[in-house]
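Q: need the 3D shape of this:
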Amino acid sequence: MSEIDTARLDDWMDNAGLEGKGEPLEARFLSGGPQNVIYEIRRGEHTCVLRMPPDGDPPDRDKGILREWRIIEALDGTEVPHTAAVGVCADPEVLGRPFFLMGFVDGWSPMDTHGRWPEPFDSD
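A: Predicted coordinates:
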């Protein structure tokens, strides 16, 4: 698991005009793998998810994360179910890699269940 610099993220979020300015920022690692590392980000009552390529991934992975952002952003205002587009940072100087913030959806991840899915998914 890679750590993120919460002070730098907080400054970037403030400069981007994102919600929660002045509230303490908390970051909780959710999952990570060969594609992305994912954190839950909280500032006061505002929660979102940060996605970025893991440390050590080839630089072309940065293009993939920015492509994912463009898809999520393009879905805003449509009837297609999707998470909210919160913000994107293409500058690797902020956290070491480009990243984006998207809405938080409470649920479970099949990657974190060690092969056992909850009902009804394990039998349906």
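
Q: what about this structure, any weak spots by pLDDT?
A: 1-2, 108-115, 124 (pLDDT under 70).

Q: show me what the biggest helix by length in it is in contact with.
A: Criterion DSSP state H: the longest helix present in the chain is helix 61-75. Residues from elsewhere that reach helix 61-75, judged by CB atoms under 8 Å, 6 or more residues apart in numbering: 35-36, 51-53, 82-83, 85, 88, 90, 92, 97-100, 102. C-beta: built from backbone N, CA, C; applies to glycine.

Q: which ones among those lie within helices?
A: residue 92.

Q: buried ones among the contacts of helix 61-75?
A: For the contacts of helix 61-75, a burial check counting by 16 or more other CB atoms under 10 Å picks out 36, 51-53, 82, 85, 88, 97-100, 102.

Q: quick one: which of those is nearest to residue 12?
A: Closest approach between the buried ones among the contacts of helix 61-75 and residue 12, by CB to CB: residue 99, at 9.3 Å.
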